[in-house]
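Asker: below is the sequence, then the predicted model.
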Amino acid sequence: MYNMHSKFKAFYQRNVVLSNKEKQSLFNKKNINVQRLKDGLKEYNEEKGTDYKLAETPIVQGSVAMSTVVQNEDNDYDIDVAIVFDKSNLPDGTTATKNIIVNALKKKCSQFNVEPEAKTNCVRIVYAENYHIDFAIYRRYVDEDGNYKYEHCGSEWRERDPRKITKWFLDQNKGREYKLREVVRLIKMFSKSRSAWANMPGGLIQSVLVDEKFQSCDRADERFYHTMVAIRDRLADHKEVYNPADPTKSLKLVSSDSVKMENLYNRLKDKLGKLDILFDSDCTYNQAIEAWEEFFNHSYWTDLKQVERALMTKSYSQLSESEVYYDYRETEEYIDTLFPVNLRYVVNLDCKVKKDERVVGWLSEMRKQHKLLLPGYNLYFEASTDAPRPFQVYWKVKNRGPMALEQDCIRGQIERTDKLTQVEPTSFRGDHYVECYIIKGAECVAKARIDVPIRV
């Protein structure tokens, strides 16, 4: 297969992955509307003499939580947020429950063109710029073993864990060397590559198919191509897809889902055929570009063709790509996908800085005094908490910046140590951070973060 790995990775990083700014915009919208909900519930309670309140920090779900949102969704971003109440704090009826959330949101969303609306499985807020936020409502109770059980508010209350699908995806992505997310993003780009291509399967179905037929190849272009071929052949055989959190349940919920599966099969079959040229021994660079242009229907590949023509005519203006793209793994994890977050206690976090066993100072004071934190130091993080024992302690170390990307070392995994101390070296420049979590009764009851800016 003609090797387009470097161009494929540049396309992926530049035109597929959502920018940090856009990701932050999604989370900001989530935070704003969660606060609207809290404020609306407070006002609702004051008027009605009720006491409805969230039992946990709201949980981001779906493509935002799995970080599979891509750039070509035409700002039609669906932000799924699970809001959890104690079972004893809600009415028994699902309609009555959804109406409480609708009425609470209406008190704080009066400026919207479309009022908050109760759907079958959520309460929806629609933005003018085509963002919409779906509040999925859950209730929880403690079973006989002391564990939380969750039920989702749909047409009726059904047992469902709000974290299970996200955790499944993150575990599968980790097991596949953090390459599963890359292929999922790319198939979503393909599925949305033509405005006339309506009725394609949703992101969860595509994620399940990619996981089921994932092909482990070293090159990004080969990995994607061979996975798509395997999905095409699988869909030719059968088009049923089951919920990874409950394999007894189909993800094809309505009759139109069968049409969507057929569409995905036919469109993959057609466009994969356009890539046959990549396997010809005399395939040229320009032919390879045209093949991927036909597949993705994206201006990135069209621009590459223009660069090729400019080379042939000795016009070298705008031929170099200014950005540098690193082939790194997205390894970061988030505490709310692992545990319910109900912050009832405080954890304080600071860091003793040493150089060759000599104490340089405490990080909090060094930052106040604008003292540089340089490579070659050792950092001794110390946490203290007012949470009563017993509890577990988890840590997260996140590296950021070009050197972390270049060395494929962004880290960000959440690891249990049960120690209130953590030692790390200052390996390379970047605006890093460290977080500490206190877990008690299977909940995150306290957390703290300290920024670690390392300079040269």
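Answerer: Happy to help now that I have it. Numbers count the residues shown, from 1 in each chain.
Asker: mind checking which helix or strand of this structure has the lowest mean pLDDT?
Answerer: Within the chain, no helix or strand scores below helix 299-312, which has a mean of 79 by mean pLDDT, DSSP states H and E.
Asker: now for the helix or strand that that one is followed by, which elements pack on it?
Answerer: Following helix 299-312 in sequence order, the next helix or strand is strand 347-355 (DSSP states H and E). Contacts defined by 3 or more C-beta pairs under 8 Å, 6 or more residues apart in numbering; DSSP states H and E place strand 347-355 against strand 358-362, helix 363-368, strand 378-385, strand 430-440, strand 443-454. No exception for glycine: its C-beta is placed from N, CA and C like everyone else's.
Asker: most tightly packed of the ones you listed?
Answerer: strand 430-440 (a mean of 21; mean count of other C-beta atoms under 10 Å).
Asker: adjacent strands (with direction) for it?
Answerer: strand 392-398 (antiparallel), strand 443-454 (antiparallel) (DSSP bridges).
Asker: same list (these) but as a markdown table, adding mean pLDDT.
Answerer: Output for those, formatted as a markdown table (pLDDT from 0 to 100):
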| stretch | mean pLDDT |
| --- | --- |
| strand 392-398 | 98 |
| strand 443-454 | 96 |
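Asker: just send these back as CSV, with distance to residue 99 too.
Answerer: Formatted as CSV, these follow (distance: least, C-beta to C-beta, whole Å):
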stretch, distance to residue 99
strand 392-398, 38
strand 443-454, 29
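Asker: looking at those, which is nearest to residue 413?
Answerer: strand 392-398 (7.0 Å; C-beta to C-beta).
Asker: quick one: end-to-end length of stretch 146-156, please.
Answerer: 24 Å (C-alpha to C-alpha, to the nearest Å).
Asker: which positions within the longest helix seen in the chain qualify as buried?
Answerer: Criterion DSSP state H: the longest helix present in the chain is helix 20-48. Neighbour-count burial for helix 20-48, counted by 16 or more other C-beta atoms under 10 Å, picks out 26, 29-30, 33-34, 36-38, 40-41, 44.
Asker: nearest to residue 141 among the residues you listed?
Answerer: residue 41 (20.1 Å).
Asker: distance check, that closest one against residue 90.
Answerer: Distance of residue 41 to residue 90, computed by C-beta to C-beta, to the nearest Å: 12 Å.
Asker: what about residue 80, neighbour count?
Answerer: Neighbourhood size, residue 80 [other C-beta atoms under 10 Å]: 21.
Asker: need the contact list for the nearest residue to residue 222 once chain neighbours are set aside.
Answerer: Distances taken as C-beta to C-beta, 6 or more residues apart in numbering put residue 1 closest to residue 222, at 5.7 Å, once the chain neighbours are dropped. The contact partners of residue 1, by C-beta atoms under 8 Å, 6 or more residues apart in numbering, come to 221-222, 225, 278-279.
Asker: what residues are shared contacts of residue 41 and residue 90?
Answerer: 52, 100.
Asker: quick revisit: which one of the strands paired with strand 430-440 lies nearest to residue 253?
Answerer: strand 443-454 (31.8 Å).
Asker: hey, C-alpha coordinates of that closest one in PDB?
Answerer: Coordinates of each C-alpha in strand 443-454 appear next as PDB, following Å, rounded to 0.1, in the frame of the first residue of the first chain:
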ATOM      1  CA  GLU A 443     -16.700   8.100  45.700                       C
ATOM      2  CA  CYS A 444     -14.200  10.800  45.100                       C
ATOM      3  CA  VAL A 445     -14.700  13.000  48.200                       C
ATOM      4  CA  ALA A 446     -11.800  15.400  47.800                       C
ATOM      5  CA  LYS A 447      -9.400  16.500  45.000                       C
ATOM      6  CA  ALA A 448      -6.700  19.100  44.500                       C
ATOM      7  CA  ARG A 449      -4.400  20.200  41.700                       C
ATOM      8  CA  ILE A 450      -1.100  22.000  41.600                       C
ATOM      9  CA  ASP A 451       0.400  23.500  38.400                       C
ATOM     10  CA  VAL A 452       4.000  22.600  37.600                       C
ATOM     11  CA  PRO A 453       5.400  25.100  35.000                       C
ATOM     12  CA  ILE A 454       8.900  24.000  34.000                       C
END
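Asker: and the angle for that strand with strand 347-355?
Answerer: 30 degrees (axes from the mean of the first three to the mean of the last three C-alpha atoms, to 10 degrees).
Asker: thinking again about what came up before, columns distance to residue 343 on top of the buried residues of helix 20-48, output as a markdown table?
Answerer: Shown next, in a markdown table, are the buried residues of helix 20-48 (distance: C-beta to C-beta, whole Å):
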| residue | distance to residue 343 |
| --- | --- |
| 26 | 23 |
| 29 | 22 |
| 30 | 17 |
| 33 | 20 |
| 34 | 14 |
| 36 | 20 |
| 37 | 17 |
| 38 | 14 |
| 40 | 21 |
| 41 | 18 |
| 44 | 23 |
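Asker: let's have those in a markdown table, adding pLDDT.
Answerer: Formatted as a markdown table, these follow (pLDDT from 0 to 100):
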| residue | pLDDT |
| --- | --- |
| 26 | 88 |
| 29 | 89 |
| 30 | 92 |
| 33 | 93 |
| 34 | 96 |
| 36 | 95 |
| 37 | 97 |
| 38 | 97 |
| 40 | 97 |
| 41 | 97 |
| 44 | 97 |
